[in-house]
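K.L.:
turn this into a model:
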Amino acid sequence: MFKKLLLSTGFLSLVAPAMAFAADEKTPAQLASAIDSVWVMLAAILVIFMQAGFALLEAGSTRMKNAGHVAGKTILTFGICAIAFWAVGFGFAFGDGNSFIGTGGFFLDGTQEQTAASISLFAESPIPIGILFLFQLAFCGVSLAIAWGGFAERGKLPVYFIFGILFTVLIYPIVAHWVWGGGWLGQLGMQDFAGSTVVHLQGATAALVATLLLKPRIGKYNKDKTPNLIPGHNQVLSVLGVIILWVGWFGFNAGSTLSATGDGFFGYIALTTNLAAAAGAVAALIVSWMYFGKADIPSMLNGVLAALVAITAACAFVTPRDAIIIGALAGIITFFTAQWFEKAGIDDPIYAFSVHGIAGIWGTLSTGIFATPELAEKVGVGKAGLLYGGGLEQLGVQALGVFGAFIFVLVLSFIILGLIKATIGLRVTEEEEIIGLDLSEHGTYGYPEQMKKSAQQGTASTQSV
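P.N.:
Numbers count the residues shown, from 1 in each chain. Here you go, the predicted model:
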């Protein structure tokens, strides 16, 4: 009897942990949810890290006396954007409401109760609302970062606070709601998978308005209106910035699947994204070589970004071959529009509207041309494009979306920035612009030793004369 009791006890000691493990074992649905959640969180981190790319690209593309300001405002404005989007912007973009704007989900608390009551678009999602918020915030932050390109080297620091808040709560989320939040363009079937229009065209349009209202930098144009080259101070920083943006774009596009399980469609989107970027780099460098007689590195960098912007709308709807065509054309179109804008007297130091605006328009329209019926059905948005038997219907929807978003952002940006210009002003003084925004706005240079040497050499040169 005693032996039987010992055997029974031993058996139970072996079985009990196994039974406990079985009780804690996750279901396939729970595992899929966990994998998808980690994937979207990783994608959000990649897109947020694109802010580092913008900081390096813009700092390298501007003069040394403004480098610290250009890089530092990236941190400031993303902080402003994060708070404003949490409080109001996310609700306007994705909250329950009407076909124009969301009216719920403000001051997000991260609970399932608030999500079910006010953000039904995400109520059934297996991904926690906090992760979905961070992912969408990253996109808004990129759009705002693009807008600042139009302010480069001459915008007042207080404007970053005012326009940053208003762009985040009044401009970006409304167009986002139209396309992604259940609004009227989404109902029409507009294809903008990761935001050629929602993210890039919006930011670029605001940058264009700022460029027009601020007017050109001192010394950019001669009396006969011919442009002078004002090169950036460090091409290596610009190249590193573009590499970071290229890598971050995999979070941007592939992450927009919101899923890493199933058939691995995110890998296909990464493929089309990478091919387009590569084609944009090669095409832009070649066309610059033909135009200038020299292979221009900044033009190649803009070609990469333009191709990435263009494929952002189309990445889930087109074949790899068509992705190469879209990317190459984006690089070429952006190169020539950048030259045209400069000759037209529009001083856009970062080429924000050419790279993100023109390429964003082309990318959005391209799905109306190249979208295949199989991929449109797979994504569940819109129809096939013109070259794949869909006729002009999808192209018409894409054109309407581009036009509606552009006019909305253009008008609202003109009103907001026009009011700021009439009250506190948009632009620093001539003296502050000449000495640089690092010193005039922050009291110290981003490159203090180099600027000190430059000042000493200038003084010595003046004394020798």
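
K.L.:
from here on, contacts and neighbour counts on C-alpha atoms
P.N.:
Will do.

K.L.:
excluding covalently adjacent residues, which one is nearest to Ala276?
P.N.:
In space, not counting the residues next to it along the chain, Ala276 is nearest to Gly327; the distance is 4.1 Å by Cα to Cα, 6 or more residues apart in numbering.

K.L.:
these two touch, right, the one you found and Ala310?
P.N.:
Yes - in this structure Gly327 lies within contact range of Ala310 using Cα atoms under 8 Å: 6.7 Å.

K.L.:
coming back round to it: let me know the secondary structure of the residue nearest to Ala276.
P.N.:
Following DSSP: H, G, I helix; E, B strand; the rest coil, we place Gly327 in the helix state.

K.L.:
go ahead and confirm Leu56 touches Gln235.
P.N.:
No - between Leu56 and Gln235 there is no contact under Cα under 8 Å: 9.7 Å.

K.L.:
and those two? which has more neighbours close in?
P.N.:
Leu56 (26 against 19; other Cα atoms under 10 Å).

K.L.:
element containing that one, please.
P.N.:
Using DSSP states H and E, Leu56 sits in helix 28-61.

K.L.:
contacts for the helix or strand that comes right after that helix next, please.
P.N.:
Of the helices and strands lying after helix 28-61 in sequence (DSSP H and E), the nearest is helix 67-84. For helix 67-84, the external contacting residues (Cα atoms under 8 Å, 6 or more residues apart in numbering) are 51, 54-56, 58-60, 137, 140-141, 144-145, 152-153, 160-161, 164-165, 168-169, 437-438, 441-442, 445-447.

K.L.:
spit out the contact partners of the residue most central in space within the chain.
P.N.:
Nearest residue to the geometric centre of the chain (Cα atoms, centre = their mean): Val142, 3.5 Å. Residues in contact with Val142, defined by Cα under 8 Å, 6+ apart, are 47-48, 50-51, 199.

K.L.:
adding pLDDT as columns, could you present these in JSON lines?
P.N.:
Shown next, in JSON lines, are those (pLDDT from 0 to 100):
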{"residue": "Val47", "pLDDT": "98"}
{"residue": "Ile48", "pLDDT": "98"}
{"residue": "Met50", "pLDDT": "98"}
{"residue": "Gln51", "pLDDT": "97"}
{"residue": "Val199", "pLDDT": "98"}
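
K.L.:
secondary structure class for Met190?
P.N.:
Note that with three-state DSSP, the state of Met190 is coil.

K.L.:
from the contacts of helix 67-84, list the buried ones, please.
P.N.:
51, 54-56, 58-60, 137, 140-141, 144-145, 152-153, 160, 164-165, 168-169, 437-438, 441, 445-446 (16 or more other Cα atoms under 10 Å).

K.L.:
any idea of the mean pLDDT in the strand or helix carrying Ala145?
P.N.:
Taking DSSP H and E as the definition, Ala145 sits inside helix 129-147. Over the span of helix 129-147, the pLDDT mean works out to 98.

K.L.:
now the element after it, going C-ward?
P.N.:
Taking DSSP H and E, what comes next after helix 129-147 is helix 157-166.
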